[in-house]
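Participant: Just to be clear, the model below is a prediction. Sequence and coordinates:
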Amino acid sequence: MFTCPDIARDSGMVPPISFHRHDSIITHRPYGVDVDEQGWLWEGVAGGRLAGHNVRTGAFRILTVPEFDGRPVYSTYAWHGKLVLQMGQGGDYLVLDPDTGRCVRRSIPGSNPILWYGAKLPGDKVLFCDRGNRQALILDAPEASPRAVPFPYEGDFGSLSPASDGIGYVTLADPARLARFDIASERFIDEAPMPWPEAGASGRFEHGGVIYFADSAGGRLLPYEMRSRRWLDPIPTPDHGKIYGFIGIGLFADGLAYFSLSTYAHRSQLDLKTGKIIMPPPGARLTVDGRPLRFMERMLVFDPVTRRFDYLTAPAQPDGVPLLCYTWTDGKHFAVTGCLPPFAADGGAGPEPGPWIVLQSPPITHREPKP
C-alpha cells in the first residue's frame, strides 16, 4: 500500500511558468479551452464574447459573437480552422470562423440536450457528451450533422477521455463504475464496478499504461491498469480537507500531472432535468474554509515516476486572488485559464468576476503550419 510522502513544496518539480492578465476582459469563472494551429488559445468569457490569447507571443484578441445570445461557452474545440462551441443547454451548438466572424448554428438531436464536455478523438473526429439525452454525438467535420450513439448505462454521461489503447473511458457514480467506448467501431462495449462505490472520478491522465483518476472529493488518485483492466492501490493526496476539498480537471505535460483545485467539500452532481448542480442541504459544510466556494490559486502537481506531489501556484497579485480553472495541453506545453476576483474585505478572494488570466508553461515554438 502506497503511503503519501510529505509534499515537496520546494522540490523544483514544477517548470518555470509565465502569468498573463488581460484587464480589459472582466469575466466570471471561464470554461473549456482549446488552442488552434496559429497558437491562439480560445475561451468564452462574459458578455457574449470569445477571448483569444496567443500562447506563443502573449498577444490578445476579443471577438463579440451575437449568436451566443448571452449564453456562456462551456467547451471550445479548435478544429479544421474553425471553433466548435458547446453552449451548455439549448438545441444547438455553434461553429465559428474566427478570421471572418461567420457563425453557423447546428442542431442537436434530442429533447433535453446538455452539452458541457467532449473530446477530440483519434481519426480526426470530435465527440460531444450529451448528458441530458444520454448519447454521444460524433462529428466528422465542424459543420457535419452529428451522429448519435446512445449511451446504454445508467448515470450522468458527463465526460469521455480517449486513451492510447483506442478506448474512450467514462466514469459514472452512485455507485462508481467505469464504462468503455471503442473509438474505432464507435460503440460502448461494457461497464464494470469500481472497487470504491462512493468514489466520484473527475480529472484524469495517462502514463505508462495506467490511467490515474482523481477521486474528486475523496483526496486520492485511483490508478487503473488498462492492459489487465485492474485497479491498483489508491494514492492519497496531501492537504485534502485542509487546503482544498475538491480535485477537478487534470492534464499531463512533460512528465507531470496537474489538477485544478477547489474549496468545495463535496462531489459535483448534476440534476439532469434542470441542468443545474445539486447543492448540499442547508446547514451542511459547503467548503473547507467556510468561505464561498471557489477555484483556487494553485494546482496539485504529481510525478507518477517518483510519486511525489507539489503545487503550481499563480503569482500573487496586488489587487485580487487568481483562480485557476480550465486547462489545455499538447503533451509538452500547457496553459491554465481563470479569472482574478478582487480581494474581499477580509483579504481573501472576493466574489467573481475579475480580469481574465492565463498561466502557461514557456512559450510554444513548434513549427508554423503550412499555408
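Facilitator: Happy to help now that I have it.

Participant: Was I right to think residue 32 contacts residue 115?
Facilitator: No. Between residue 32 and residue 115 no contact is recorded; they are 10.6 Å apart, counting by C-beta atoms under 8 Å. C-beta: built from backbone N, CA, C; applies to glycine.

Participant: Could you tell me which residues touch both of these two?
Facilitator: 74-75, 86 (C-beta atoms under 8 Å, 6 or more residues apart in numbering).

Participant: between those residues, which is closest to residue 165?
Facilitator: Ranking those by separation from residue 165, with C-beta to C-beta as the measure, puts residue 75 on top at 24.0 Å.

Participant: hang on, the earlier thing: for the shared contacts of residue 32 and residue 115, give me JSON lines that also has pLDDT.
Facilitator: Below are the shared contacts of residue 32 and residue 115 laid out as JSON lines (pLDDT from 0 to 100):
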{"residue": "74", "pLDDT": "95"}
{"residue": "75", "pLDDT": "97"}
{"residue": "86", "pLDDT": "97"}
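
Participant: Narrow the residues you listed to those in strands?
Facilitator: Using DSSP state E, 75, 86 are the members of those that sit in strands.

Participant: ok, the shared contacts of residue 32 and residue 115 vs residue 339, which is closest?
Facilitator: Checking these against residue 339 by C-beta to C-beta gives residue 74 as the nearest, at 15.9 Å.

Participant: quick one: contacts of stretch 181-196?
Facilitator: Against stretch 181-196 from outside (C-beta under 8 Å, 6+ apart): 121-123, 136, 138, 147, 149, 151-153, 160, 162, 166-172, 175-180, 201, 215, 218, 222, 229, 231, 234.

Participant: how about it: buried residues?
Facilitator: Taking 16 or more other C-beta atoms under 10 Å as the neighbour-count basis, stretch 181-196 is seen to contain the buried residues 181, 183, 186, 188, 194, 196.

Participant: right, and the pair among these with maximum separation?
Facilitator: 186 and 196 (29.7 Å).

Participant: which one of the shared contacts of residue 32 and residue 115 is nearest residue 143?
Facilitator: Residue 143 lies nearest to residue 86 out of the shared contacts of residue 32 and residue 115, by C-beta to C-beta, at 14.9 Å.

Participant: Enumerate every residue touching that closest one.
Facilitator: Under the contact definition (C-beta under 8 Å, 6+ apart), the residues listed for residue 86 are 32, 73-76, 93, 115-118, 128.

Participant: and if you look at residue 338?
Facilitator: Contacts here follow C-beta under 8 Å, 6+ apart; on that basis residue 338 touches 29-30, 295, 314, 322-326, 356-357, 359.

Participant: let's see it at 6 Å
Facilitator: With contact taken as C-beta atoms under 6 Å, 6 or more residues apart in numbering, residue 338 is in contact with 323-325, 357.
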